[in-house]
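# Dropping a prediction and its sequence here:
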Amino acid sequence: MQDLQTRLAQHTDLGEWTQQRADLAFVTVAREHLHGLLRHLRDHEGFTHLVLLTAVDWLEDGQFQLTYLMNNRAAARDIGVRVLIPREGADMDSIHDLWPTAATYQRELREMFGIDFPGSPRVDEEFILEGWRDMPPYRRDFDTLKYAQEEFAERPGRVSKDPETHMKQKLYPDGA
Amino acid sequence: MKDELKPRIVKGPDGIEFEVDPLRDYYCEASPSVHPPVYVKIVEDFFNWARSESLWILGFGTGCGAIEMRPLMTPRFDAYRFGVQWRPTPRQANLLMISGYLSTKTLKRAIRSYEQMQSPKYVVGLGSCTINGGMYWDSYNTIKKLDEYLPVDLYIVGCMPRPEALLQGFEDLKQIIRAGKAEGANQYAEKFEWYKANQKKVIHDWDMPDYNW
Amino acid sequence: MVQDLSDRSQYPARNRDGTLDVDLTSGKYLKLWQGPNHPGITGNMSVELTVCGDEVVEGKTHVGYLHRGFEKLMERRTFIQCFPIVCRICVPEPDFNEYCYAAAVEELAGVEIPEQAKWIRTLILEMGRFNSLMMYLGGQSGSLGLGVIGQWTTYVRDLMLDRFEELTGARIYHMFILPGGVRDTLPEGFDARMEETLREAERTMKDVWNVMFQNAVFRKRTIGVGYINPALFDDYGVTGPTARGGGVAKDVRRDQPYLAYPDLEFEVNVARDSDIYSRADVRRRDALQSIDLIRQILAKMPRTGPVMAKMPNMLHWKIPRGETYIRGECSRGEYGFYVVTDGSGYPRRVNVRGPSYTHAMALLERLIVNCNIADVAALLVSLHTYPPEIER
Amino acid sequence: MPITTVLSPFRAWKFLFQNPVTVRDPLTERPGAPRYRGFHQNDAEKCVGCGTCETICQNGAIDMIDVGLAPKDGDSGLRPRIDYGRCCWCALCVDVCMTGSLSMSNAYTWTDANADAFRFTPGVDKKPWDNDQLGYRRPEGHALHGKDRVEMAELEPEARIGTFDEIVAGYDVARARLEADRCVECGLCVATCPAHMAIPQYIKAVRDGDYERGLALLYETNPFSQVCGRVCTHKCETACAAGHEGDPIAIRWLKRHITDQVPHKDYVRIVGKPKKAAKGEAKTIAVVGAGPAGLTAAYDLARQGHKVVVYEVRKHPGGMPRYGIPEYRLPYDILDADIDVIRAMGVEIKCETRVGSDITMDELKAKNDAVILAIGLHLGRSTRIPGSDHADVRKAVDLLRQVTDEDPVDVPKSLVVIGGGNVAMDIARTMARLQMKAYGEVAVTVTALEDKAHFLADPDEIRECGEEGIDIVDARGPQEVVIDADGRVEGLRTWRVQSIFDAQGRFAPSYDESDERIHPGDMVIEAIGQAAGVDMLGEGLTEALEWNRGRIQVDADGRTSESWLWAIGDCVKGPDVVHAVADGHRAAKSILAAFEGKGDEA
Amino acid sequence: MDFEWIRIPHALLTLLIVFLYGLLLGAVIQKIGARAGRRHGIPFYQNYIDLIKNYALRTTITHGFMFYLGPVFRLTGGVGLLLFVPTIYGVAMHENFSFAGDLILALYFVFFGSLGMALGAGESGHPYAAIGVSRGLSQVTAAELPFAIAVFAVALQYQTLSVTDIVAAQQGSVFNWTVFTNPLAVTAAMMSFLGSMMRPPFDVVLAPQEIPIGPPTEYHSAYLALMQSNRAIFPIAKMVIYMNLFFGGAANWPVFFLKVFLLYLFAAFVGVVFPRFRVEQSVRWFLVWGVPVAVAGLFWV
């Protein structure tokens, strides 16, 4: 895939290039280059199949990573395009004009990560959740266990003992 | 859909404005009431026997458990033999199988379906997730204890419970019904406030009336 | 590219912004919900239809009834703890989740699995594919009111589940493909019993052909119905038999072979017409192909050697930072796991790419326009969608 | 439409005359497959309550609960209770079970109207499927954690026999991580370790490569971590859950690995400065004997800001680890490093000071708020067989001390050791090395009362003895030191032991007199145990104290009948470094409590 | 024609026998259908239990007066149909209220039930019911057409509008049956018969996969039980007509049971192996195949 990297580099400013497998590479680009790069990949490099679009929350860095994974079936290779956007007030350009199906992905990202895609069809409609009031659940700082415990009743009567402390307590009741 | 269900002002052809509350039109708001068994015991026993031998399940696969329902109704296990059959509408069904976990979104539909069923009606919890949350014990979107929200008559444990376990469950449910112990509908009516409070606690988008038949 | 819809429909008109001009209060239209407790819907999802007479003018897929937040739950489970939970993502064909997850984790951790494990994995995937297709055939005919097919195919599926049970120890959630290999070898006498099952399956497939595919009414209801323009495949991420039914020979097993597929002989099944019948026929042939592949696997697979790679202590297994995507051809199309790790003992992010996600959402909403209500169920089933993998 | 497509479907009716394939009675006819993962079974006898199943259970379905079993070494007494409102039948708990006690039956039917009924403790609560023979068992060779101990580099017998160089090289970082990786953090070992070291935590530190944290954890509970990292009797490894179906974790070597990884100069910084006692609160304590017990107590007290002086009769502090353990097992500089840490806490060690003569107990009592007696066991016991009073019949402790002090030792060409404990092994191997140096060959025979299966010494020691050419003869009861006409020792006459204890369990060996052997040797070394020398107490104190079978009577914390005096370590308890350390902690705690409680006790 | 009061209990007895037999027959046919699916199917007494169960339910919800009348009309249609045609030929006890022009009344009753049902179901306010009703009416109308023509042909053939007379004309030999004397009319009628039996390929009215069982979507408890009762009586009544018009009637109960069973089986025989037509397809099918055959039958006469 070296050839592809070379060709793309002539076209766009490429960031970090990670060759994961012989047939799979990831590349980072700036958000303003994304649309052009995807269009180029689709129209000129044969990456016609949008496999998925998803986000990764790098909470520590204050960034979302959007991954656009594309597949070129004829050449049997995949490329994942990464775009890093700030977590605060996250929004991104919609690509539903390139792939209509991307609108679904963008709806999900809007709901699950709180990333806005202005202009994407039905992006503000509820998708999976209904009546959700907390922060978008796929964000790293959302604690699902805590939420579940506060929200839903659990069956009482569960206690567990730590073998280490239990043994100490039983065998050395005075703590020695 | 939600906008259409909100009360709105409509102007009639004669120019008079009046308020329309679609929910009021769509649904009945009568609270459920307790329907006691027939006074004559032998009649009630006979009815209970008939009810137990004719379990009509609402075809509502709420979770993974639905996958084992199909083998149940097909040649291998043929639950029709035991008086069990599917009904496509809640009106005609008497048995609600909660087949596994319920997301809050499904819970809302399950409650509606349950309330539309005619009493006496039975609820069977299928799989671990209905008992104590199962493997989704820390999920933000699934309920943990089914009996907080609906009166449950029987639990069948497993993940998935196999068709054989379900058949055993039907047999046990029949025993319960025949013994006259399956009074979930009355229990629901008696503790209606409690159930509603629990339901409303987790369903934030409560765009339905408190009781829809 | 989004095509102009006007060539297929005179009504309703479109507004300037491209939305449909549907005035519900006009009385011309009726809002109809299919689902979630609706026998024509595959599983717990719903389609909100706006109909005019018997014609659908707009359809919206509503999902989320099965949402458990797997991708979130996995972030707080160790790599081994994720293993029992992934198979629940897709109920009717759970093994693909196990495979994709295991393969992704293995790749990121740099683990090479033993040869025998590869073959057993392939075997399980093909058995799972067969089961899933049996469900489909029953569902497709059932959606048109032909019940017997579902009876037969479910019976064969039950037989295959018996094989699953003796191999993996469970009927539905097999939890057999562990990161690093598989749990165990084939049990004693498995081949013979499998052969018996396959023979029964072949007999049933013959009956299915006679009663379903050679059925005047079935043909009338499916040929030319639910047409998908092959030009739309890339726009809507169409893969698998749905694409192959339209003449596009997309098959990950051949395009980017994995596991033992390079050593197996098979043709990619393709049909031309891109209607419900073609898709059903492709899937029928896929099922026959699975039978053949299972035979090939049992004949060719090595029977000795380990089935698990040497692994570190799974209780605190950490995987260095990285990201990867593993795909495979499941019974419905391309199934894949996108896994990101950050050097800790927990996955940073897992994203599941199920074929139903694009098929049941954007594609269905596109196809359902101008469809007869009577065909909605058949159309939906013909896309072979499993709701749990849409919302996960 | 061709007419065949109208007729063909009617072929479905062929099934009308076939028998249906329905299972007649599915409730009883269909047992789960032999591998089926049904409800849990547990062999409660085999289970050790390690809780690893609880750790791995991603559903949080398993609780470790007290079922009334008493905890014992390597068994917490807890048993897993499974919540079937959570379980997903993945059987990871079976896969990970350390003892193989957990399994699954092939039963799968369980219904109940009561949601609270679906919890039970397999193997304890009776269930219909308890005795199912079929069901999921962990496949052969399938394990989620490593079963085999990671090998460690050590000197080959040929290379080590001629020198006193340390035999074991210790783990390198990579191997240590691999070994630490096997630990499942159950914590069964902690209670067994007399010092209750934070074993799972410091092993985790190894895994994380955070050696400073590891070291801090070690010195929290054991100021002799370096020593223990080499010569500890590692009871923890016997208790280790991994030992049931594989090798126990090499806890001792991992401890040593931590101490090896941190430069000695950093120790004091990591261990931390002692507390400053509030003004007027600082007490003074005297410790008699600079062995592990005394120094540990001193360390603990000094860290609380008290003033501690340790009196040691010998040239160097260290007690038995220095004078009893040979250098090839425990290099002296390692011991020194540990003692340096203790000194850095403000402990003053006065060597070559004999209590009783240089300073009396009464003086100590008068000058201090508390006194700790940690005098150890430095007097060798004698077999008292005929000839045992010969000059060439030596006691092991004396000889070892001589070697340590580099006093010249008259190395015999061949010798016989009596005893089957670790001291016997130590002296045998030490003498073997000296023989090797002097004569280039080894001629040592060890005779022990016990048979090989019941040896008191560590199996490792016995194995290494064998490797080094030492002849171990088991089940021999010494009868007489054979002395030749010239008055020189010629060997040891032994009888075969039939049993060591009588029916009442008392020590009363019986012999097969017909099986008599003479083990030739120029010297006989007795290594059958030691005694404490308590002359220094003085008559008054000896009178005042309560005694129990020749040992000072103490309470659980080491306090004697005299409220100002604590007696700890080997002189009151068993001979083992880590026990001594534990004793030291207990005494220190007791003293601190005494200070807190009633002010000046002394 | 003088009226004898004894005919009322006699007719009720007929009704009871038909009702019980109808429930049993339904189960037996289901069992036979289940065999094609390689399973046993429901117990033969299952329908009785289901009926009792539905009557025994404690709650009912009404959607207004018409909603309540729906099943009543439907049942009236079934009972009426049965009561005005002779069930057993030549046995006065089971001739019911047959009279000279009963064929016309019968035709009316066949349609009456559907209409009543349509009204009631429409009242339930459920869109599926409404769709089902509109489908049902268009299909029944289409299916009725060949039947009506066929009946006309038969009436023409035997020159009478009395069912009893038509049966009488067919006595003597098997070859006197209309099925042999006018096979084309019978074929058309049988096509129509398929269409009115609510079985594939003509069950689009109920189509559980599309519009969960259509008109009866909202019916439950006692309402449903009423409809179940009708489901037991109405098909039999209809088959009585078919039997009388085309298959020589029945002179005693065993023959009656056999003929009805075979007729019922015929519907199941086709129904089990075909999927369902869409509504416009089935309408077209009746018009393209049914009507011409029926008209040809008319000319045959």
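Sure, I can see it. Residues are numbered from 1 along each chain as shown, chains lettered A, B, ... in the order given.
# Could you use CA atoms for every contact and neighbour count after this?
OK.
# need the contact list for residue 137.
Using chain A here. Each residue near A:Pro137 by Cα atoms under 8 Å, 6 or more residues apart in numbering or on different chains is listed here: A:Met112, A:Phe113, A:Thr144, C:Lys72.
# that's the other chain; I wanted chain B
A:Leu145, A:Ala148, B:Cys129, B:Lys144, D:Asn59, D:Gly60, D:Arg86.
# Nearest to D:Gly569 among these?
D:Gly60 (43.8 Å; Cα to Cα).
# Per-residue pLDDT of the closest one, please?
At D:Gly60, the pLDDT value in this model is 85.
# Check the one 3 residues further on too.
Note for D:Asp63: predicted pLDDT of 89.
# so it sits right up against A:Gly157, yeah?
No. Counting by Cα atoms under 8 Å, D:Asp63 stays clear of A:Gly157, with 10.6 Å between them.
# thinking again about what came up before, helices - which of the contacts of A:Pro137 land there?
Among these, the ones falling in helices (DSSP state H) are A:Met112, A:Thr144, C:Lys72.
# Most neighbours among those residues, which one?
C:Lys72 (26 neighbours; other Cα atoms under 10 Å in any protein chain shown).
# how near is that one to D:Ala61?
19 Å (Cα to Cα, to the nearest Å).
# before we move on, what about C:His67?
To D:Ala61, C:His67 is 22 Å away according to Cα to Cα.
# Looking at these two, which one has more neighbours?
Per other Cα under 10 Å, whichever of C:His67 and D:Ala61 has more neighbours is C:His67, with 27 against 23.
# okay, and for the chain, where does confidence drop off?
Looking at chain A here, since you left the chain open. Scanning chain A for pLDDT under 70 picks out A:174-176.
# The chain in question should be chain B.
Along chain B, segments meeting pLDDT under 70 span B:1-5, B:22-30, B:212-213.
# can you give me the helices for it?
All helices of chain B, identified by DSSP H, fall at B:2-5, B:22-26, B:41-52, B:69-72, B:104-116, B:129-132, B:163-178, B:184-190, B:192-202.
# Could you single out the nearest of the contacts of A:Pro137 to C:Arg193?
C:Lys72 (40.4 Å).
# okay but that closest one is in contact with A:Tyr138, surely?
Yes. With contacts counted by Cα under 8 Å, C:Lys72 reaches A:Tyr138, the gap being 5.9 Å.
# State the pair within the contacts of B:Trp137 that is farthest apart.
A:Leu145 and B:Cys129 (15.6 Å).
# Chain E: which of the ones in helices among the contacts of A:Pro137 is nearest?
Among the ones in helices among the contacts of A:Pro137, A:Met112 lies closest to chain E (Cα to the nearest Cα), at 32.4 Å.
# how near is that closest one to chain D?
To chain D, A:Met112 is 23 Å away according to Cα to the nearest Cα, to the nearest Å.
# need the contact list for that residue.
Here A:Met112 is in contact with A:Pro136, A:Pro137, A:Tyr138, A:Arg139 (criterion: Cα under 8 Å, 6+ apart).
# Could you check how far it is from A:Arg133?
Distance, A:Met112 to A:Arg133, by Cα to Cα: 12 Å.
# Give me the domain ranges for chain C.
Chain C breaks down into these domains under automatic domain parsing: C:5-62, C:70-391.
# ok so, going back, which one of D:Asp63 and A:Gly157 has more residues nearby?
Between D:Asp63 and A:Gly157, counting by other Cα under 10 Å, D:Asp63 is the more crowded of the two (25 against 7).
# Okay, that one and C:Thr78: tell me how far apart.
From D:Asp63 to C:Thr78 the distance is 19 Å (Cα to Cα).
# In contact with B:Leu173: list those residues for me.
With Cα under 8 Å, 6+ apart, B:Leu173 has these contacts: B:Ser52, B:Asp153, B:Leu154.
# Among those, which one sits closest to chain D?
Proximity of the contacts of B:Leu173 to chain D (Cα to the nearest Cα) peaks at B:Leu154, which lies at 4.2 Å.
# List, one by one, the residues from chain A near chain C.
Counting by Cα under 8 Å from any Cα of the partner chain, the positions of chain A adjacent to chain C are A:20, A:24, A:48-52, A:54, A:56-57, A:73-74, A:76, A:97-101, A:103-104, A:127-129, A:137-138, A:144.
# Which of the residues you listed are buried? Put it as a ChimeraX command.
Here is the ChimeraX command that picks out the buried ones among those, judged by 16 or more other Cα atoms under 10 Å in any protein chain shown:
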select /A:20,24,48,49,50,51,52,54,56,57,73,98,99,100,101,103,104,127,128,129,137,138,144
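# Which of the residues of chain A next to chain C fall within helices?
Going by DSSP H, the helices hold A:Ala103, A:Thr104, A:Thr144 from those.
# Find the nearest non-adjacent residue to the last one, please.
Once its chain neighbours are removed from consideration, A:Thr144 has its nearest residue in B:Tyr140; the separation is 5.3 Å (Cα to Cα, 6 or more residues apart in numbering or on different chains).
# For burial, what's the neighbour tally of A:Ala22?
10.
# how about it, what does it touch?
Neighbouring residues of A:Ala22 by Cα under 8 Å, 6+ apart: A:Met1.
# how does it look with 10 Å?
Each residue near A:Ala22 by Cα atoms under 10 Å, 6 or more residues apart in numbering or on different chains is listed here: A:Met1, A:Gln2, A:Arg77, A:Asp78.
# right, and the helix or strand after the strand or helix carrying D:Leu541?
Assigned by DSSP states H and E, D:Leu541 belongs to helix D:539-544. Per DSSP H and E, the first helix or strand lying C-terminal to helix D:539-544 is strand D:547-548.
# partner strands of that next one, parallel or antiparallel?
Take DSSP bridges as the rule and strand D:547-548 pairs in its sheet with strand D:551-552 (antiparallel).
# Tell me how far D:Met98 lies from chain C.
Separation of D:Met98 from chain C (Cα to the nearest Cα): 12 Å.
# Over to B:Val152?
On the measure of Cα to the nearest Cα, B:Val152 and chain C end up 19 Å apart.
# just checking, that residue touches B:Ile176?
No. Applying Cα atoms under 10 Å, one finds B:Val152 not in contact with B:Ile176, separated by 11.9 Å.
# And these two? Which one has more around it.
Just comparing B:Val152 and B:Ile176: by other Cα under 10 Å the higher neighbour count belongs to B:Val152, 26 against 18.
# Up against chain B, what does chain A have?
A:128-133, A:137, A:142-156 (Cα under 10 Å from any Cα of the partner chain).
# Just give the number of residues close to D:Met523.
By other Cα under 10 Å, 26 other residues sit near D:Met523.
# Ignore what I typed, I meant C:Pro306.
Neighbour count of C:Pro306, defined by other Cα under 10 Å: 18.
# Please apply the same query to D:Leu301.
29.
# Could you pull up the contacting residues of residue 117?
Went with chain A since none was named. Residues in contact with A:Phe117 (Cα under 10 Å, 6+ apart) are A:90-96, A:103, A:106-107, A:109-110, A:123-124.
# Sorry, I should have been clearer: chain C.
By Cα under 10 Å, 6+ apart, C:Ala117 lies in contact with C:123, C:177-178, C:180-185, C:259-260, C:301-303, C:305-309.
# 6 Å instead?
Taking Cα atoms under 6 Å, 6 or more residues apart in numbering or on different chains as the contact definition, C:Ala117 lies against C:Gly181, C:Val182, C:Val307.
# Most neighbours among those residues, which one?
Using other Cα under 10 Å as the neighbour criterion, C:Gly181 leads the contacts of C:Ala117 with 28 neighbours.
# Ramachandran angles for that one?
With angles defined as degrees, to the nearest 10, C:Gly181 sits at phi 150, psi -140.
# isn't it right up against C:Pro306?
No. In this structure, C:Gly181 is not within contact of C:Pro306 by Cα atoms under 6 Å, at 8.8 Å.
# What score does C:Leu5 have for pLDDT?
Listed pLDDT for C:Leu5 reads 43.
# Locate the residue nearest the centre of chain E within the secondary structure: which element?
In chain E, the C-alpha closest to the average C-alpha coordinate belongs to E:Pro235, at a distance of 3.0 Å (Cα atoms, centre = their mean). Per DSSP H and E, E:Pro235 falls inside helix E:221-246.
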